[in-house]
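Participant: Here is the input, now give the coordinates:
(one chain, ligands or ions: 1)
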Amino acid sequence: MTRKVTANVYMTMDGRGVFPTYPGSDLPTGDPDEPDEFFRRMWTDRYDDVTTVVMGRRSFTGHERVHSLKGRKPKDPKFMFDYSRFLDRVEKVCLSRRLKKTDWENSRILQGDLGKIVTKLKSEKGGNIILEGGPRLVQEVIQRNLADDYWFLVMPVVYGRGPRYWGAMKDQTTLKLLSATPMKFGELVLHYEGVRGKPSSKRK
Ligand SMILES: NC(=O)c1ccc[n+]([C@@H]2O[C@H](COP(=O)([O-])OP(=O)(O)OC[C@H]3O[C@@H](n4cnc5c(N)ncnc54)[C@H](OP(=O)(O)O)[C@@H]3O)[C@@H](O)[C@H]2O)c1
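Facilitator: Got it, this is the predicted structure:
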C-alpha cells in the first residue's frame, strides 16, 4: 500500500499561520470533551491510519512543549490527552539542520531536500503520513506538489502579521476540492487533493 501524504494548513484568510481570537472562537462548540469538526477531520479520524508526523524544527519543539503528554495540563479536555497519546506514539520526523538530538520518544531528525525526504518516507514501511507544518514547510510542499491531499482550516480573520503560508510562488499549483464544511463561528474546513501534471485549460 502506498503511504498517503497529507498536509495540514491552519490559516487566516490572508494566509497567516496564527490562531487569533474572533467572535465565538473562545466559546466551546458543544461537548468540551469532544473535538470540533476541524480537529476531528485533521486528527481524531486519522489516529488509526497515520503512523508518521513530519514537522519543521520550530513546530516540532513547539508541539513537544505543548502537545506531548508531558506538556498537557490537567484541565485540558480529554480529546487533547488522546491527541497527545497519539503524537507520543507515532513516529515523528523533525526537519532540522541545527537540532542534533531530541528527548521526545519515537522521533528522528532528518535534513536535506524535502522532495527526497518525502520519497524516502514513502518508501519505508508504515501507514499514512501527516505534514504538520509550520507554514514555510507547507508552502514548499504545496509549491512542489509533494502531498496527496490537504486539509485547510480557514479562520474568518484577515490578520496582517505572523508567519505566511504564501510567499513568492514560482508556479501555479492546482488543487481539486473534495469537501467544504463551514463551522459554527465562520471557519471553513476545506479538503483538497493535489492535481498532478499541467492544468489542461487556460483562462482567456
Ligand atoms: N502546525 C504548526 O506547527 C503550525 C501551524 C500554524 C502556525 N504555526 C506557527 O508557525 C511558526 C513556525 O513555523 P515556521 O514555518 O516558521 O517554522 P517550521 O517549519 O516549524 O520550522 C522551520 C525550521 O525547520 C527546519 N527545516 C525546514 N525544512 C528543512 C529541511 N528540508 N531540512 C532541514 N531542516 C529543515 C529548519 O530548522 P533549523 O533552523 O534547525 O535548520 C527551519 O528553520 C510558529 O510561530 C507556529 O506557532 C505552526
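
Participant: Pull up the residues of the chain that are close to the ligand.
Facilitator: Within the chain, the positions near the ligand by CB under 6 Å from any ligand atom are 10, 17, 55-59, 62, 95-99, 111-112, 114, 132-137, 163. The C-beta positions use only the backbone N, C-alpha and C, and glycine is treated the same way.

Participant: Now do the same contact list for Gly160.
Facilitator: Going by CB atoms under 8 Å, 6 or more residues apart in numbering, Gly160 touches 14, 16.

Participant: sorry, back to before: just the buried subset of the residues of the chain next to the ligand, please.
Facilitator: Neighbour-count burial within the residues of the chain next to the ligand applies to 10, 17, 55-59, 95-96, 114, 132-137; the criterion is 16 or more other CB atoms under 10 Å.

Participant: Among those residues, which ones are in helices?
Facilitator: Members of those lying in helices (criterion: DSSP state H): 57-59, 114, 135-137.

Participant: Mind picking the two most distant members of these?
Facilitator: Taking every pair in those and measuring CB to CB, the maximum separation is 15.3 Å, between Arg58 and Leu114.

Participant: quick one: Tyr150 from Val50, how far?
Facilitator: Distance, Tyr150 to Val50, by CB to CB, to the nearest Å: 15 Å.

Participant: likewise Val66?
Facilitator: In this view, Val66 and Val50 are 19 Å apart by CB to CB.

Participant: Give me the more crowded residue out of the two.
Facilitator: Neighbour count, other CB atoms under 10 Å: between Val66 and Val50, Val50 has more, with 20 against 13.

Participant: Is that one in contact with Ile129, as I believe?
Facilitator: Yes. The pair Val50 / Ile129 is scored as a contact, 7.0 Å apart, by CB atoms under 8 Å.

Participant: so what sits against both of these two?
Facilitator: Joint contacts of Val50 and Ile129 (CB under 8 Å, 6+ apart) are Thr6.

Participant: pLDDT score assigned to Ser107?
Facilitator: We have a pLDDT of 98 for Ser107.

Participant: Likewise for Ile129?
Facilitator: 98.

Participant: I figured it hits Arg3, correct?
Facilitator: Yes. Taking CB under 8 Å as the definition, Ile129 is a contact partner of Arg3 at 5.5 Å.

Participant: anything in contact with each of these two?
Facilitator: Contact criterion CB under 8 Å, 6+ apart; residues shared by Ile129 and Arg3: 52, 121-122.

Participant: Can you list which of the residues you listed are found in helices?
Facilitator: 121-122.

Participant: Nearest to Gly24 among the shared contacts of Ile129 and Arg3?
Facilitator: Thr52 (33.9 Å).

Participant: Give me the neighbour count for that closest one.
Facilitator: Using other CB under 10 Å, Thr52 has 20 neighbouring residues.
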